[in-house]
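S.K.: Everything below, folded, please.
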Amino acid sequence: MNIKVVYGKMLVTMSHVFGVDFAKKFDTRLRFHRTLNLKNPTSLADKVTYVELHKQSSLASMWRWYNSQARNV
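M.R.: Below is the predicted model:
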């Protein structure tokens, strides 16, 4: 088996057992070596990662979300 297939199946199993947010945090920690605050993203990197993981990955939706957050600051 390919390592990517095994890793994907492991993440799917984690998301079923522990929840989707846990699997996303684990994946981010393992691949990017950083923690991820999904409940209250503060840095731009956290906001972009939140958008990529929770919303459509289109650039337009990212800019709409970012602009709405910028108005709230």
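
S.K.: from here on, contacts and neighbour counts on C-alpha atoms
M.R.: OK.

S.K.: The protein: helices as residue ranges?
M.R.: 3-18, 20-32, 44-54, 59-72 (DSSP state H).

S.K.: With mean neighbour count as added columns, please give those helices in JSON lines.
M.R.: Formatted as JSON lines, the helices of the chain follow (neighbours: other Cα atoms under 10 Å):
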{"stretch": "helix 3-18", "mean neighbour count": "12"}
{"stretch": "helix 20-32", "mean neighbour count": "15"}
{"stretch": "helix 44-54", "mean neighbour count": "16"}
{"stretch": "helix 59-72", "mean neighbour count": "12"}
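
S.K.: Can you lay out those as CSV showing mean pLDDT?
M.R.: Converted to CSV, the helices of the chain look like this (pLDDT from 0 to 100):
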stretch, mean pLDDT
helix 3-18, 88
helix 20-32, 81
helix 44-54, 74
helix 59-72, 63
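
S.K.: List the contacts of Arg29.
M.R.: Thr35, Leu36 (Cα atoms under 8 Å, 6 or more residues apart in numbering).

S.K.: how much space between it and Thr35?
M.R.: In this view, Arg29 and Thr35 are 6 Å apart by Cα to Cα, to the nearest Å.

S.K.: How about Val5?
M.R.: Val5 is 24 Å from Thr35, by Cα to Cα.

S.K.: can you check Ser43 too?
M.R.: 12 Å.

S.K.: again with Asp27
M.R.: Asp27 is 10 Å from Thr35, where distance means Cα to Cα.

S.K.: And for Phe26?
M.R.: The gap separating Phe26 from Thr35 is 9 Å, by Cα to Cα.

S.K.: got it, and Val51?
M.R.: The gap separating Val51 from Thr35 is 16 Å, by Cα to Cα.

S.K.: same thing with Ala45?
M.R.: Using Cα to Cα, Ala45 is found at 11 Å from Thr35.

S.K.: Same check on Ser68?
M.R.: 24 Å.

S.K.: Then Val6?
M.R.: 23 Å.

S.K.: Next: Gln69.
M.R.: In terms of Cα to Cα, Gln69 sits 21 Å off from Thr35.

S.K.: Alright, that wraps it up for me.
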